[in-house]
Every structure is written in structure tokens, then in C-alpha cells.
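1. Give me a model of this one.
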Amino acid sequence: MSSPSHFAISLILGAALLHALWNAVVKGSGDRAITIGLIAIGNALFGIVLALFVEPPGPESYIYIALTIVVHLLYFIFLISAYRLGDFSLVYPIARGVAPILVACGGMIFAGEYLSQTAWMGLVLVSFAISLLVLSKGKVPNDPKAIGAALLTGLCIASYTIVDGLGVRASGSPLGYIGWSFGLQISLGIGFLIYRRGHLSKLPRSGYMAGIIGGLISGLAYALAIYAMSLTTLGTVSAIRESSVIIAALIGAIWFGERTWKPRLFSTGLVAFGVYLLAQ
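-> This next block holds a predicted model:
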């Protein structure tokens, strides 16, 4: 595939903004397992409505739909653990930072996609800049379990990105693939709510609303990313999408009052330059 079009870049950047917002909802929630369950249900509602109005995906994509449900379950589990153990503006960049190179390598192996030298420079710069956030003053002693959970979250991100990139291309109906794969996340949402059934009454009404709205935002965010994967390479989508760390760093500093934000903003500036290189 050629360099991403302005339309594809706009889709990915929109996905990045929305992704940072719904992750902030999870980090700021009182019960993250319940919130994740509600977000999965919000995703499912988005997908079910979409599936009613578009052509269904072809049978060739069914295996990918099943795989993405499994990987998303693992993703949610590691995400909850990471946000329980570490700062939002630390955990989020680590999880997002390891994904682009893994996705680019997976794209070469499974989709035969090869990025240009400039694109590789941008991709490496994105991951390197994000990794600098871990070394922000005062953050090196951070709980290694938080970093480990964030890295596993990043591995899941790379895995479902590759799976969905292949699946949407095999489906013959990108919107149908999005609708079906999201709609089936109802099983994940119900599972998390059953797991935390003893605590459901403790969550305020505003918490339920935040979870569902976060799910709708999450659904739209990833729908834009999946659709973009039908237009350009998997590695490009993954790396440009990581511009969400810029927003996450600001949210962490302003919303959650997290410290050492200046080094983080410097790193996110490097991310922005890496995204620029990827777009060339």
C-alpha cells in the first residue's frame, strides 16, 4: 500500500483523541472492572446498531472475529491491572509505545507489508520517544508490576490490531466486520459485570453513565482505526494512532494531577514528529 491519504490520517487522529478519552474514563473510575464491563457493553451497542444497517462480513473473517474477542478479553484484564498499579500518563504511553513496532513486524510477516525507510524512521522515533516517558524523573522506581502489566497490554494491542487488520480485509465488508466484532463484545461486558456482581450496587449512577458513554466513544475510536486499516498499512495506522499519548500526557498532568509532566510533554513532541514522518 502507498502512503496514507489525508482522509486516512484524519480517521486515525480522530481515533487517537477518542482513545485517550475513554482510557481516562477507566483510570478515573471507582471500580475499573465494572467500568470495563460497561465499556464493552457500550462497544457492543455501537456494533449491534451498525450491524443492522450494513452488509454482514464474509465467512473468511469469522476466525478473526473469534480471535479478536479472545485477545480483547486479555487486553481488558491487563489494562485493569496496569491502571490499578501505575499512573495514567506512565502506563498509557508504555502500553501504546510497544505496539507500533510489533504491529509493523506482524504486518510484514502476516500481510506482506513493507514500510519505507522514512516510515520506519518515524515508527522507531514514536516508540523511542514514548519509552522516554518511563525514564521521567521519579518514575524509574515505579512498581515493576505496573510496567509489566503495561507491556502485556501493549502486546495485546499489537495482537488485536494485526488480527483486526487481517480480518477487515478478508471480510468484504469493513463496516460489517466492525459491527459483528463489536457486537459480540456483549459477552465480555456481561462477564465482567457478573464477576463484580457484588459491587454493582455501590457504583453511582454517574459511574454507569460514564462507562456506557466511554464504551460508545471507545467503539467509535476503534471503528475509525479498523476502517483506516482497510486503506493503509497496519504499521502506519498503529503508529499514527499513538499520537494519543500527547493527549494522555496532558490528561494525566491536568486531570489526575500527575507530576513530572514536562519530560512527558517533550517526549510527546518527538512522537508528533514521528507521526509526521510516517505520513510522508
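2. alpha carbons only for contacts and neighbour counts from here, please
-> Fine.
3. Do I have it right that Val168 meets Leu234?
-> No - using CA atoms under 8 Å, Val168 is not in contact with Leu234; the gap is 11.3 Å.
4. Compare those two (neighbour count), which wins?
-> Shown here are Val168 and Leu234; by other CA atoms under 10 Å, Leu234 has more neighbours (31 against 27).
5. and that one, what does it touch?
-> When contacts are counted by CA atoms under 8 Å, 6 or more residues apart in numbering, Leu234 touches Val103, Ala104, Gly107, Glu113, Thr161, Ile162, Gly165.
6. Columns distance to Val54 and pLDDT on top of those, output as TSV?
-> Formatted as TSV, these follow (distance: CA to CA, whole Å; pLDDT from 0 to 100):
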residue	distance to Val54	pLDDT
Val103	28	87
Ala104	30	84
Gly107	27	84
Glu113	28	80
Thr161	22	90
Ile162	23	93
Gly165	19	91
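7. Determine which two of those residues are furthest apart.
-> Across these, the longest distance by CA to CA is 14.0 Å; it joins Glu113 and Thr161.
8. Between these two, which has more neighbouring residues?
-> Neighbour comparison, Glu113 and Thr161: the larger count goes to Thr161, with 28 against 17 (by other CA under 10 Å).
9. element containing the more buried one, please.
-> Here Thr161, judged by DSSP states H and E, is contained in helix 144-171.
10. which is the next helix or strand following that helix?
-> Next helix or strand after helix 144-171 toward the C-terminus (DSSP H and E): helix 174-183.
11. helices and strands around that next one, which ones?
-> Packed against helix 174-183, as judged by 3 or more CA pairs under 8 Å, 6 or more residues apart in numbering; DSSP states H and E, are the following elements: helix 32-51, helix 62-85, helix 144-171, helix 205-229.
12. Which one of those helices lies nearest to Val91?
-> Among those, the nearest to Val91 by CA to CA is helix 144-171 (5.6 Å).
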